Structure formats: structure tokens, C-alpha cells
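Asker: Provide a 3D model corresponding to the input given below.
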Amino acid sequence: MKTFDPGNEPEILATYGRDGYVAFEGFLDRETIAAALGKIADIREGRIGGIPDDRIYFEDPADRSTLKQVQELFKWDKLFERLMFEGRARRLAEILLQDEAVGRNMQYFNKPPLVGQPTPPHQDGYYFMLKPCVAVTMWLALEPVDEETGCVRYLEGSHKAGIQPHERTQTIGFSQQVSDFDGLRGSYPERAFPAAPGTLLAHDARTVHFAGGNQSHSRTRQALGFIYYAKRAREDQAAHAAYQAKLAEDLRERGAL
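Answerer: So this is what the prediction gives:
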């Protein structure tokens, strides 16, 4: 795993085009990681408020310590706004997309000890509903992540197969999964990515990825996610709005909001 150097653009693009992802160690410094974790604690404890129910998810809505996801982090604090729109993540996105990078979402992800559920195999592009599907998702570890806590796993090269059919799941925050995952799994090598704090993974929106649940009795699995669309990509806004409305309705029926 290498460090990020914009001067290595040809090598970065070659790896990304071949594998459907790239990985960099030390992408975010320790001081910024500590500041981000402090802001997340403020959100979890309610010291940063105003976040709508459909933008924040808990494994157990009655227990704030089970905070699972926060959507659109850049709207709730200036630190996350800077990381999204002014930092190295956007520069990397411009390299990978070969276009102006349009920041769409910044997310907090966690798998609390023992209750953190597996992330089903999926393609982000299925949710994005873009034509053409030119987008990149980044995942950045805020603390050590390994097999026990549920590291990210890729089907290497699966982006070349295009967007696959998906079906509903019961996993909060990940409502869809690849329908024929077993078939794809037999066609592409699987790669797991244990990560140190500050490690960043960036993948094509068509790359199939997934993660195990958190089997640890005491460790969390906290990370940030960044989503950038290429300027040339166009979103089917009506279809996307309908999907989001149906998702929010489902979550309310299940008591997850």
C-alpha cells in the first residue's frame, strides 16, 4: 500500500482501471482523525443537533451508543465540509474521474461491538442512478480495522461487469444487495483490506464490495465515506427521489428512525 502522490497519476489510473479500486496509507493525519472522532462523539451525544431522523441511523434507536451512520456530514460541521470540498479527497476524485468532481455525500460509518451488522455485497452505482455511471466512493478508516471488526472486501475487477441486478436487504443503511453474488464471487478474486487509521480506499461505483459484522466485544469500527460524481454524469432525479422516499418509509415502519 502506497501513500497518495498526485504526481503518480498514470500509475493511480492504471491500478484503478484494472482493479476497480486504489488504496493509500496515511491519507489523513492523526490530528485531523482525532478532531473528526471528537466531532462524531458530539453528534452521538447530541451536542451537535439539527440532524433529521432520516440522515442519522442507529443499530438500536433507543441507544445512542449504537450510532451506525450519519449522512451528509458536511452539512453539520465545518471540519467535515473542509474535508469534503477542500481536501485531498476531492483532488484524488478528480484524478480518478478524469473530470471535475462534484461532492455528493460524506458519511460516517460505524459497526458497534457485537451488534454491528455485515455490509451486504453491493455496488454504489445501483443507488446513484447515474448516466453514465461515473462516480467514486472513498472509505477512510478512523481507527484500526481488521477481520474481526469487519474490514472492507472487494471483488477485484468486478467493475468491468457493469451494474448488476440487486434485491432488498434488512440491513439498515444498506437496503440493496447484489442478487447473484455467488456467481460473481466465482468470477473475480476477493481482496480484504485490514486498515490502519488514516488508510483510504477509493473504488469505482460499479465495484462490488462488502464487509463482515463486528465480532469484537469491545472495539468499534469507525470510518468516513466520501462520494463524488463526475460532472458529466447525470442523475435520474425522479427515480432517486422515489427510492429515498420509499427507503425512509421502510425505515420508519421498522422503527429504525
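Asker: so what's R91 up against?
Answerer: Neighbour list for R91: P6 [criterion: Cβ atoms under 8 Å, 6 or more residues apart in numbering]. C-beta here means a position set from N, CA and C on the backbone, and glycine is covered the same way.
Asker: and it, how close does it get to G225?
Answerer: Using Cβ to Cβ, to the nearest Å, R91 is found at 17 Å from G225.
Asker: what's the answer for Q237, then?
Answerer: From Q237 to G225 the distance is 22 Å (Cβ to Cβ).
Asker: neighbour count winner among these two?
Answerer: Using other Cβ atoms under 10 Å, the more surrounded residue of Q237 and G225 is G225, with 18 against 9.
Asker: what's the distance between the residue lying closest to that one once chain neighbours are set aside and A241?
Answerer: Closest residue in space to G225, ignoring its immediate chain neighbours: Q107 at 4.0 Å, by Cβ to Cβ, 6 or more residues apart in numbering. Counting by Cβ to Cβ, the gap from Q107 to A241 is 19 Å.
Asker: which of those two has more residues huddled nearby?
Answerer: Q107 (20 against 11).
Asker: would you mind giving the secondary structure of that one?
Answerer: strand (DSSP: H, G, I helix; E, B strand; the rest coil).
Asker: per-residue confidence at it?
Answerer: Each residue has a pLDDT score; the one for Q107 is 97.
Asker: then L247?
Answerer: pLDDT, L247: 66.
Asker: and the helices in the stretch 151-257 of the chain?
Answerer: Taking DSSP state H, counting those that start in this stretch, the helices of the stretch 151-257 of the chain run over residues 181-185, 237-253.
Asker: ok, back up a step: residues contacting the residue nearest to G225?
Answerer: Shown in contact with Q107 (Cβ under 8 Å, 6+ apart): Q69, V70, Q71, E72, L73, L224, G225, F226, I227.
Asker: can you name the residues bridging to the second one?
Answerer: Note on V70: beta-bridge partners I56, Y108, judged by DSSP bridges.
Asker: got the contact list for it?
Answerer: Counting by Cβ under 8 Å, 6+ apart, V70 has contacts I40, I43, I51, R55, I56, Y57, W76, Q107, Y108.
Asker: what distance do you get for the residue nearest to G225 to D19?
Answerer: Taking Cβ to Cβ, one finds Q107 at 23 Å from D19.
Asker: any idea how many residues pack against the spatially closest residue to E94 that is not a sequence neighbour?
Answerer: Nearest residue to E94 in three dimensions, chain neighbours excluded: A101, at 4.7 Å (Cβ to Cβ, 6+ apart). For A101, the neighbour count with other Cβ under 10 Å is 23.
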